[in-house]
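**Student:** Build me a model from this:
(2 chains)
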Amino acid sequence: MQSSTDVRRPNKVVRAKPVDLSQSVFEDPLPDYMNVLGMVFSMCGLMLRLKWSAWAALFCSCVSFANTRSSDDAKQIVSSFMLSVSAVVMSYLQNPQPIYPPWASLL
Amino acid sequence: SLALLIGVAFTTADDFNEFAEFEDDEPAVVGVKKEEETTTPTPTVTITKNAPKNKDTEFDVEEDFGLENPDVDDEVIDMSIPDSKDVPELNTDENIKAQPLKFADVPAHFRSNWGSYQVEAVVIFLLLVYLTNYLAGRAANQSIAFSWVDNHRDRLEEQFAVVGDDGLSETPSNGQLNRETDNLFSMWCSGRVGVSGCMVHIRTIKRQDLVSRIWGIFNKNYDRVTLTFDVDEGEMDSFVVAAGQRKSVTRLHKELLDLSQYTTEKKMAPGPSLPPSFSLFSESSEVASCLLDNAVLTLAKKYEDNIEYIHISDQYSGPKPPDGETLTRLPETRRVAVFSFILHNQSAEYDREAEDEMIQMAFYCVDKMRRFRLSREAKQKGDKRRQTAQELFQKSNHQARQEAAQARREEKTRERKQKLLEEEDPDKQRRLELLEYKKELKAKQPKMKQMKMK
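**Tutor:** Numbers count the residues shown, from 1 in each chain, chains lettered A, B, ... in the order given. Reported below is the predicted structural model:
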């Protein structure tokens, strides 16, 4: 199947244009969902002082960091990280008791 | 200001009288103090032992609070300390035992009991595992993408003048692989007859995200390479066809607008045909038989699990809008030829060779498609189908436009009525009412065409 003539056309080069992925088939909604979930968890952690939800918020912002598109700006990720870290710190400052380990009752 | 002064004077005068009754004691006291100071220097300052003892020093003791006074008379000191004998016995043994000390339950400080923070230790450990997996996964994805490009660069450079252009520098650069996300890499190649360019997407498994990796254990996912050719004007006839593994092609048929609008599932003609695990969606059977000739079929049979799907369409407009929204304007369509291959593992010689052949097959299909012309009646059917699709769209759009116009008209009449009500001076109001009345009359009149009678 080797084509005999040379098919290359250097004069017909079209420059690359940045493709926005949201329209294409490769669009992946995971980072946005994780971002929203992280915000909700850190709000719970801050308002209701639930330690486990603050930790969950930190985990959600890690996951959304791992899946960010390089075209997104970093502000969103930085703000979600700061929010979740502040939730963890605040919930421990107000009540430094550790979370009651569920496996304590098993021992 | 004079009044103020008098006022001030008065107040001070009264104040003065107020202290009048205290006054007669103080001078006595002051007097005594003055007398003392002049006659004997206060002994407190001097350290000499044999200072004369007299009543006055006693008086000093009270005044020099807290100052050590060595010459003060001894019995004065003895008298102040109670003798041990006549002091009542206060705390016996029994009383001590009676009230045990109660400790307030103050939460223990962090440093005192690190051991009890077990849940936190586990969570932090999980975060660390996530972080290391992220770094390792990202590196793995990057190495796969780069190794694929290195393996097949020469194949691409045979076909394209520029491979891997980043579009930023003045002269087209070469070998630029963009990282869209940690598992999606893209490369733009251009400068070939018949196509304006080809976007190569390398989409690997999400190794960098632990959650997706665990999820991937249950439903298998593969690394994929997708070549998307943008076909030039006039290089392609008007048809839409998609063939490939059943699961992916049916998913595409559901997701993509052009496939769901124009194509229907087709059974392959008897004789040499696609492997059983493949399915075919096409606009007309003639297109399928022409494109999938022997060369392509043999390759498809040989690399059955390497080819994911082939999708060639002149009405490609991306995925369907989510079912809620309807299209406000006609989606712009473009001619596209998409070839998606599954990468098993890069190192195996067999796989690398397979991918090379598949890339060659992609270019072969593109050239064949450029030479392919539909038969007359197939072309008419295709064009008619596009026409009906367009009209269908116009109609639904027309309805939406009409409703919008209707809403605007009602809005205007409501505003006019509003203005009429707010108008104060009567004659202007009457004129507006008249105008309104005439408008309503005209609207009620049946619409008749004036016929000119010759």
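**Student:** Give me the secondary structure label for the residue of chain A found nearest chain B.
**Tutor:** Proximity of chain A to chain B (C-beta to the nearest C-beta) peaks at residue A:16, 3.4 Å away. Where C-beta positions appear, they are placed from N, C-alpha and C, glycine not excepted. Per DSSP: H, G, I helix; E, B strand; the rest coil, the secondary structure class of residue A:16 is coil.
**Student:** Report how many residues lie close to it.
**Tutor:** Residues lying near residue A:16 (other C-beta atoms under 10 Å in any protein chain shown) number 23.
**Student:** I'd guessed residue A:61 sits against residue A:84; true?
**Tutor:** Yes. Between residue A:61 and residue A:84 there is a contact under C-beta atoms under 8 Å: 4.8 Å.
**Student:** Backbone torsions only: list them for the residue in the stretch 201-350 of chain B that chain A sits nearest to.
**Tutor:** The stretch 201-350 of chain B approaches chain A most closely through residue B:209 (4.4 Å), counting by C-beta to the nearest C-beta. Reported as degrees, to the nearest 10, the phi and psi values for residue B:209 are phi -110, psi 120.
**Student:** Spit out the contact partners of it.
**Tutor:** Residue B:209 sits next to A:30, A:63, A:66-67, B:134, B:137, B:182 when contact means C-beta atoms under 8 Å, 6 or more residues apart in numbering or on different chains.
**Student:** do residue B:275 as well
**Tutor:** Residues in contact with residue B:275 (C-beta under 8 Å, 6+ apart) are B:300-301, B:304.
**Student:** Next, find the distance separating it from residue B:308.
**Tutor:** Residue B:275 is 13 Å from residue B:308, where distance means C-beta to C-beta, to the nearest Å.
**Student:** Please apply the same query to residue B:240.
**Tutor:** According to C-beta to C-beta, residue B:240 and residue B:308 sit 18 Å apart.
**Student:** Identify the contacts common to residue A:61 and residue A:84.
**Tutor:** Joint contacts of residue A:61 and residue A:84 (C-beta under 8 Å, 6+ apart) are residue A:38.
**Student:** quick one: the strands in chain B?
**Tutor:** B:162-163, B:178-181, B:184-190, B:195-203, B:223-231, B:240-245, B:264-266, B:278-282, B:307-316, B:334-343 (DSSP state E).
**Student:** Counting neighbours, what do you get for the residue nearest to residue B:233 when sequence neighbours are not counted?
**Tutor:** Closest residue in space to residue B:233, ignoring its immediate chain neighbours: residue B:335 at 7.9 Å, by C-beta to C-beta, 6 or more residues apart in numbering or on different chains. Neighbours of residue B:335 under the rule other C-beta under 10 Å: 22.
**Student:** Quick one: residues contacting residue B:335.
**Tutor:** Counting by C-beta under 8 Å, 6+ apart, residue B:335 touches B:230-233, B:235-236, B:313-314, B:316.
**Student:** of all the residues in the stretch 151-300 of chain B, which ones are close to chain A?
**Tutor:** Listed as neighbours of chain A in the stretch 151-300 of chain B under the rule C-beta under 8 Å from any C-beta of the partner chain: B:158-162, B:165-167, B:172, B:178-182, B:184, B:186, B:188, B:190-194, B:196-197, B:199, B:201, B:203, B:206, B:208-209, B:211-212, B:230, B:255-256, B:295.
**Student:** Any chance of a ChimeraX selection covering the buried ones in the residues you listed?
**Tutor:** Entered in ChimeraX, the line below selects the buried ones among these, by 16 or more other C-beta atoms under 10 Å in any protein chain shown:
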select /B:158,159,160,161,162,165,166,172,178,180,181,182,184,186,188,190,191,192,193,194,196,197,199,201,203,206,208,209,211,212,230,256
